[in-house]
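Enquirer: coordinates only, no sequence provided:
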Ligand code: HEM
């Protein structure tokens, strides 16, 4: 690292220590506020690996790094700890871990899923899935919002988009749950052990088989669009298809599920904001969704690696240095947000970095996620006006995502 390793931790907290991520949210927030007030980004070193990173905690720094992708590379990996090299060799590279020209090439292909025609079709589908989920909630009265509602919506929407047959959905979900149980940035020194990988391999095997079938008999779903050639003759091979689907499950399902759960809890804890929202659902739902994503920041951080020596906001960074972009801290930056701890659905403007700091890796599914959140809250608050969380969310301590394991909820069933 170019900068000397700090051991005195001016914030009073060591971001490389997994214990820090188990502390209460308010305490962590205060530590980040102290870091933002410092002149330069601080270097933290993982004592187990001896590897260090510069913590980018200010809004302006996260934006600058995100928008200078030729210097701040994703290719060496964006997650911490780094996956073993053979994992990437076996499972293929997902686009978050690629730089141009491979990133641009892959992103162009998968962006086919997000053409106006496909999005318009998906919007009707999202509304239908949200309505069906609320039907089931009314009928079955489940207790956990996460499994019954928040995880179900994004998973069903992605399966519909990809064209995953109904009969294979439960099996894939079981493999995914299995894989995510055995991975975890949270417990940040835990490597991905064999059981999780076997589950991932089985899941990718199912997707690869579907890809081969759709190549022979294309339909109008996303898998067919990805495995058949475009005008330039490019299509995804089986490995790329498997890697993309895994990414969608992690990037698209877990994030949206966490945002939905945090949102219900925030709106329960802030009755005045909820009253504002329900008084003008159409007018305020967009602002509410942005504020939920800002306030909860489902993805806490992503990493970049320096391609060359570079000065960021007066801080000298050397080629090979790692930097971690703390989206959660940027979203509390008092230089950008007035009273950043407050939950205010009328906040405007709201230039949060919950979907990334801009640049080529900006969340591909941001529009989709917004549509899902709007559709679900609209359905919930219209049909179950007193729906609310009970107690706080059960969180999974993590330095990577703001994951909710479960959230109890209640409502008065409609007559
Ligand atoms: C509230 C929900 C979501 C949040 C908070 C979220 C957040 C993010 C963030 C922070 C990034 C990294 C941006 C960067 O490095 O600049 C990202 C990337 C990505 N997201 Fe999302 N996301 C959400 C929903 C979704 C959905 C629904 C999908 C799937 C359709 C999706 C697909 C992706 C993909 C494919 C990438 C990688 C893009 C690339 O590397 O080019 N996300 N997301």
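Expert: Yep, it's here. Since we're looking at a predicted model, the values are computed, not measured. Residues are numbered from 1 along each chain as shown.
Enquirer: what does the stretch 51-200 of the chain put close to the ligand?
Expert: 66, 95, 96, 107, 154 (CB under 6 Å from any ligand atom). C-beta here means a position set from N, CA and C on the backbone, and glycine is covered the same way.
Enquirer: using the three-state scheme, assign the fourth one.
Expert: Under the three-state scheme (DSSP: H, G, I helix; E, B strand; the rest coil), residue 107 adopts helix.
Enquirer: spit out the contact partners of it.
Expert: 95, 360, 364 (CB atoms under 8 Å, 6 or more residues apart in numbering).
Enquirer: how close does residue 61 sit to the ligand?
Expert: 13 Å (CB to the nearest ligand atom, to the nearest Å).
Enquirer: ok, that residue touching residue 312?
Expert: Yes - at 6.1 Å, residue 61 counts as touching residue 312 under the criterion of CB atoms under 8 Å.
Enquirer: now do the shared contacts for the two.
Expert: Common neighbours of residue 61 and residue 312 (CB under 8 Å, 6+ apart) are residue 41.
Enquirer: would residue 100 count as being in a helix?
Expert: No - remark: residue 100 does not belong to a helix; assigned using three-state DSSP, it is coil.
Enquirer: where does it fall, phi/psi-wise?
Expert: Main-chain torsions, residue 100, degrees, to the nearest 10: phi -70, psi 150.
Enquirer: tell me the contacts of residue 394?
Expert: Neighbours of residue 394 in contact, by CB under 8 Å, 6+ apart: 404, 405, 406, 407.
Enquirer: what does residue 72 give?
Expert: Neighbours of residue 72 in contact, by CB under 8 Å, 6+ apart: 65, 66, 304, 305, 306, 307, 323.
Enquirer: residue 408: which element?
Expert: In the assignment (DSSP states H and E), residue 408 maps to strand 404-410.
Enquirer: buried ones in that strand?
Expert: For strand 404-410, burial by neighbour count (16 or more other CB atoms under 10 Å) applies to 404, 406, 407, 408, 409.
Enquirer: and the second one, how far from the ligand?
Expert: Computed with CB to the nearest ligand atom, the distance linking residue 406 and the ligand is 18 Å.
Enquirer: which residue sits closest to the residue in the chain that the ligand sits nearest to, ignoring its sequence neighbours?
Expert: Residue nearest to the ligand within the chain (CB to the nearest ligand atom): residue 365, separated by 2.1 Å. Spatial nearest neighbour of residue 365, excluding adjacent residues (CB to CB, 6 or more residues apart in numbering): residue 252 at 4.9 Å.
Enquirer: who in the stretch 301-415 of the chain is up against the ligand?
Expert: 302, 327, 354-357, 359, 361-365, 368-369.
Enquirer: which of these count as buried?
Expert: Buried, going by 16+ other CB under 10 Å: 302, 327, 354, 355, 356, 357, 361, 363, 364, 365, 368, 369, out of those.
Enquirer: would you format those residues as a markdown table with pLDDT and secondary structure included?
Expert: Shown next, in a markdown table, are these (pLDDT from 0 to 100; DSSP: H, G, I helix; E, B strand; the rest coil):
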| residue | pLDDT | secondary structure |
| --- | --- | --- |
| 302 | 94 | strand |
| 327 | 98 | helix |
| 354 | 98 | coil |
| 355 | 97 | coil |
| 356 | 98 | coil |
| 357 | 97 | coil |
| 361 | 96 | coil |
| 363 | 93 | coil |
| 364 | 90 | coil |
| 365 | 90 | coil |
| 368 | 91 | helix |
| 369 | 94 | helix |
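Enquirer: and the residue nearest to the spatial centre of the chain, what's its pLDDT?
Expert: Centroid-nearest residue in the chain: residue 255, 3.8 Å away (criterion: CA atoms, centre = their mean). On pLDDT, residue 255 comes in at 93.
Enquirer: cool, and residue 258?
Expert: 96.
Enquirer: surely residue 389 is within a helix?
Expert: No - assessed with three-state DSSP, residue 389 is strand; it does not lie in a helix.
Enquirer: tally of neighbours for it?
Expert: Residue 389: 20 surrounding residues under other CB atoms under 10 Å.
Enquirer: so where do the strands sit in the stretch 51-200 of the chain?
Expert: Ranges of strands in the stretch 51-200 of the chain, per DSSP state E, counting those that start in this stretch, are 52-56, 72-73.
Enquirer: distance from the chain centre to the longest one, please.
Expert: For strand 52-56, the separation from the chain centroid amounts to 20 Å (computed by CA atoms, centre = their mean, to the nearest Å).
Enquirer: and for the shortest one?
Expert: With CA atoms, centre = their mean as the basis, the distance from the averaged C-alpha position of strand 72-73 to the chain average is 19 Å.
Enquirer: got the phi and psi for residue 311?
Expert: Dihedral angles (degrees, to the nearest 10) for residue 311: phi -110, psi 120.
Enquirer: related to what we said a few turns ago, ok, the buried ones among the residues of the stretch 301-415 of the chain next to the ligand vs residue 216, which is closest?
Expert: residue 364 (27.5 Å; CB to CB).
Enquirer: wait, the closest one sits on residue 110?
Expert: Yes - Residue 364 is in contact with residue 110 according to CB under 8 Å; the separation is 6.9 Å.
Enquirer: which neighbours do these two have in common?
Expert: residue 95.
Enquirer: quick check: the nearest residue in space to residue 171 that is not next to it in sequence vs residue 236, distance?
Expert: In this structure, residue 171 finds its nearest non-sequential neighbour in residue 206, 7.0 Å apart by CB to CB, 6+ apart. Going from residue 206 to residue 236 by CB to CB, to the nearest Å gives 16 Å.
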